[in-house]
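Enquirer: Below is the sequence, then the predicted model.
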Amino acid sequence: MSLASAAAATPALAQASDPTEVVKLWPGRPPGAPAVLPLTKITDRVATTGWQDRYATDIGEPLMTVFRPARPNGAAALIAPGGGYIRVVIDKEGFEVARRLAEAGITSFVLRYRLPREGWADASDVPLQDAQRAIRLIRASGYKRVLALGGSAGGHVAASLATGHARPLYAHVDAADAHPARPDLSALLYPVIDMAKPHAHAGSREALLGPSPTPEAEAKYSPHRQVTADTPPTFLVHAADDPSVPVENALDYLAALRAARVPAEAHIFEEGGHGFGIRLAQGKPAAAWPDLLVSWLGRRGFLTAA
């Protein structure tokens, strides 16, 4: 389905079912594809969580699911959910966040990116290849204001895009690739940032870089070491009691942004744990983050109708 195709003018948050508009990232086989493409598997953890909590693995055909608000303001968001680089969660850090952004008039594109250890060449680069391609497709469709938002390992995708948008990672396949891959703003939720011990998230590190990465690989894939003055202004959220991804990941990225004189806003909550999204933050201080993000976007002129 075309990225620019019209969708029903129904508020995204009022929709009980998933949107039907889906955009495939690549016109043919993705870069570095194995001889036999993986067949995407969707697993729902509803039996253990009590609510729809799906994740995708074996992603052979990366795509974006489009959430269109009733009153779009011309801004777009690319949402990269987490999953430790071994899965991509769909609802908690993807669709639920997209529905909240729809309330602010933002058209959201929830990214289902390829996972590094599923047979791809240049395995460590496939999530960023997909993120670059996604931003270019969004811009080719006419969006001039684009936010890159990600949670956990998806925060690593978004931060890698913010700092590595100009890296030549794949041969251009069509006219969309002439567009820049740089997001205008980024928002990182409890992001995986550091690939070196002691602050690395061990699972994401091994899935992305293998069991024994070199110091050079750790540095290359640690976004806080790649920040420059061209890195987009950034909104950061983390909980001090995060048991999985130490809060130092967000703090180190913030320090790098400040050193490069890149505007940044950070909210470090006393409570929240990890992977809270919107649903699991309820009743905790971290529940304030969506409203704080929308306020920040407004102050930066992102929500003003073009």
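Expert: Received it, and whenever you're ready, just let me know what you need.
Enquirer: Any idea what F67 is bridged to?
Expert: Counting by DSSP bridges, F67 is bridged to S108.
Enquirer: for Y55, same thing?
Expert: Beta-bridge partners for Y55, by DSSP bridges, are T43, V89.
Enquirer: I'd like the distance between it and H165.
Expert: 26 Å (CB to CB, to the nearest Å). All C-beta spots, glycine's among them, are computed from the backbone N, C-alpha and C.
Enquirer: What of A219?
Expert: Computed with CB to CB, the distance linking A219 and H165 is 18 Å.
Enquirer: Could you do D177 as well?
Expert: Distance check for D177 against H165: by CB to CB, it reads 13 Å.
Enquirer: Among those two, which residue is more densely surrounded?
Expert: H165 (20 against 15; other CB atoms under 10 Å).
Enquirer: Just name the shakiest helix or strand of this protein by mean pLDDT.
Expert: Every helix and strand of the chain was ranked by mean pLDDT, DSSP states H and E. The lowest is helix 46-49, at a mean of 90.
Enquirer: What are the contacting residues of that one?
Expert: 52-53 (CB atoms under 8 Å, 6 or more residues apart in numbering).
Enquirer: how distant is it from the center of its chain?
Expert: 24 Å (CA atoms, centre = their mean, to the nearest Å).
Enquirer: Equivalent analysis for stretch 28-41, please.
Expert: Remark: stretch 28-41 is offset 21 Å from the chain centroid, using CA atoms, centre = their mean.
Enquirer: Endpoints of that stretch, how far apart?
Expert: By CA to CA, to the nearest Å, the extent of stretch 28-41 from end to end equals 20 Å.
Enquirer: just stretch 35-54 next, same as before
Expert: 28 Å.
Enquirer: buried sites along that stretch?
Expert: Buried residues in stretch 35-54, counted by 16 or more other CB atoms under 10 Å: 37-38, 53-54.
Enquirer: distance of the closest residue to A281 other than its chain neighbours from G272?
Expert: Leaving aside its chain neighbours, A281 sits nearest to A287 (4.2 Å; criterion: CB to CB, 6 or more residues apart in numbering). Between A287 and G272 the distance is 8 Å, computed by CB to CB.
Enquirer: Now for these two: what residues contact both?
Expert: Contact with both A287 and G272 is made by residues A281, according to CB under 8 Å, 6+ apart.
Enquirer: Which of these two has more residues huddled nearby?
Expert: Legend: neighbour count by other CB under 10 Å for A287 and G272, higher for G272 (25 against 17).
Enquirer: Can you verify my assumption that D194 contacts A200?
Expert: Yes. Counting by CB atoms under 8 Å, D194 does reach A200; the two are 5.3 Å apart.
Enquirer: Looking at the two, which is more packed in?
Expert: The neighbour comparison of D194 against A200 (other CB under 10 Å) goes to D194, with 25 against 22.
Enquirer: Kindly state the pLDDT recorded for that one?
Expert: Looking at D194, its pLDDT is 98.
Enquirer: List the contacts of it.
Expert: Counting by CB under 8 Å, 6+ apart, D194 touches 200, 222, 224, 248-249, 252.
Enquirer: Recalculate using a threshold of 7 Å.
Expert: 200, 222, 224, 249, 252 (CB atoms under 7 Å, 6 or more residues apart in numbering).
Enquirer: Let me know the secondary structure of the first one.
Expert: On the three-state scheme (DSSP: H, G, I helix; E, B strand; the rest coil), A200 is labelled coil.
Enquirer: Helices of the chain, start to end?
Expert: For the chain, the helices defined by DSSP state H cover 46-49, 96-103, 126-140, 153-164, 202-209, 215-220, 248-259, 289-299.
Enquirer: List the contacts of the fourth one.
Expert: In other words, helix 153-164. Contact with helix 153-164 is made by 80-85, 93, 113, 127-128, 131-132, 135, 148-150, 181, 183, 186, 188-193, 204, 223, 226-227, 231-232, 234, 253, as judged by CB under 7 Å, 6+ apart.
Enquirer: Give me the residues contacting stretch 235-250.
Expert: The contact list for stretch 235-250 (CB under 7 Å, 6+ apart) reads 152, 187-194, 199, 201, 253-254, 264-274, 286, 289, 293, 296.
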